[in-house]
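Undergrad: Quick one: sequence and predicted model below, then my questions.
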Amino acid sequence: MTPKDRKPPALNEAELNRLNRKEKSYWFLTTILLVILSITVIVQYLSANGFMPRSLDFESHYRTTLSVGLPGLIILFVLYTTAKRKEILYLKNTLFSQQYLLRRLADRTRELEDTNGELQKVAGLKDMLISTVSHELQTPLSSIYTISQTLLNYEEADEETTNKFYRLISEESKRLSDLVRNLLDLAKMESGTMDWQIANYEAAELIDASCRVSEVLASQRKITIRKKLDPALPKIPTDRDRVMQVMTNLLSNAIKFSPDGSEIEVGAAMATDLSGEAINAVQFSVKDSGVGIPPDQLSKIFDRFHRAATPMGVRAKGTGLGLAISKDIVEHFGGQIWAESLPGLGSTIYFTLSLDLSDHGKAEQVDDTPIGSEAPKDDTKAPSFEEEVAQTLHV
């Protein structure tokens, strides 16, 4: 039976130690045999040349046995031990190879488990998306249908009632518009096809434009939006519409969870690190005086499809995409977004925008055309975010 025909050894440390001991014993036996062979050759030489004392000289038949038989036997033993050592070496190599393959198999198993976990996560997100979107589509569509039928069946309704129904249709239409917009933005960001229009903007301009859009909703609740800005802030290389999308989303949430007649503060200042040193970024904030966010929800509110519950256990309405998309936009511009809150005392959402996009691998062309100057007209240009929201709200 050749070494290759043998059954592979057991894969454990004891088997490896046994093979090492066996190999050492064969090496020792081979050395002893070679020493005996060397002594035999020396004795034969001395005897053949008359250097051996007569008392130690061998008879002729012993001399023949000593010169032929013993060396031949020793050589056979050496060949045998050499073959055994080769067999042990093969077994050790087999053992090492199998251990290497087992390690590779374990690594591949972990990779497959990680991939399977990601696939299960994606499958869970897909199911959640279908469930959430189905519910979010069904509710406004049902409302619009019901209100439309009511208007058709009661043509003699007074103007106040009719206007109330029209406002409800407008609100539900906006919910549908927001849902579709969020889904489209999410798909573009996931596929990397989002169109970024980058230019240099003042922080005050970004905040003023966002507040103008949100003041319509805030006025209905008698909520005041107060601005607190550092006047010495530098211009920010960013996409105006996308930053407005982040700001209006944060303002919309602040208005939604703030009591009537309260105040919301929107601020901007140079960002600092933990030691208080200024860094190359501008920090924005939206602070409300609402119900606050539970501590265990602060790290989850920016996850896709996550809808945080208030301290009273009431779960927020919506798809749970607004803050997730805001996080993607902020991170695209080398920034961070986070929340601070105390239940019952309101919340503050912060986010930063880098002043140097090259530090974050963003090589988009920055449009340095001064605000208010003439620029080439593009008849196919899509309406700005502000215009889209104004159209949706019929402002």
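TA: Thanks, I have it.

Undergrad: Can you tell me the SS state at residue 340?
TA: strand (DSSP: H, G, I helix; E, B strand; the rest coil).

Undergrad: ok, and the closest non-adjacent residue to it?
TA: residue 348 (5.0 Å; C-beta to C-beta, 6 or more residues apart in numbering). Using the backbone N, CA and C atoms, a C-beta is placed for each residue, glycine as well.

Undergrad: Next: residue 305.
TA: Here the residue nearest residue 305, using C-beta to C-beta, 6+ apart, is residue 320, at 4.2 Å.

Undergrad: part of a helix, is the one you found?
TA: No - counting by three-state DSSP, residue 320 is not found in a helix; it is coil.

Undergrad: end to end, how far does stretch 306-321 reach?
TA: Start-to-end span of stretch 306-321 (C-alpha to C-alpha, to the nearest Å) is 8 Å.

Undergrad: Same question for stretch 255-271.
TA: Note: stretch 255-271 ends 25 Å apart using C-alpha to C-alpha.

Undergrad: Sort out which residues of that stretch are buried, please.
TA: 255, 257-258, 262, 264-271 (16 or more other C-beta atoms under 10 Å).

Undergrad: And for stretch 336-347?
TA: 337, 339, 341, 346-347.

Undergrad: Repeat that for stretch 190-198.
TA: In stretch 190-198, counting by 16+ other C-beta under 10 Å, buried: 194, 198.

Undergrad: what's the next secondary structure element after the longest helix anywhere in the chain?
TA: Secondary structure of the chain per DSSP state H: the longest helix is helix 70-153. Proceeding N to C from helix 70-153, the next assigned helix or strand is helix 159-191, under DSSP states H and E.

Undergrad: just the angle between that following helix and helix 70-153, please?
TA: Helix 159-191 runs at 160 degrees relative to helix 70-153, counting by axes from the mean of the first three to the mean of the last three C-alpha atoms, to 10 degrees.

Undergrad: Moving C-terminal from helix 159-191, which element do we reach first?
TA: Helix 159-191 is succeeded, C-terminally, by strand 198-201 (DSSP H and E).

Undergrad: helices or strands next to that next one in the packing?
TA: Identification of packing neighbours for strand 198-201 by 3 or more C-beta pairs under 8 Å, 6 or more residues apart in numbering; DSSP states H and E yields strand 236-239, helix 240-257.
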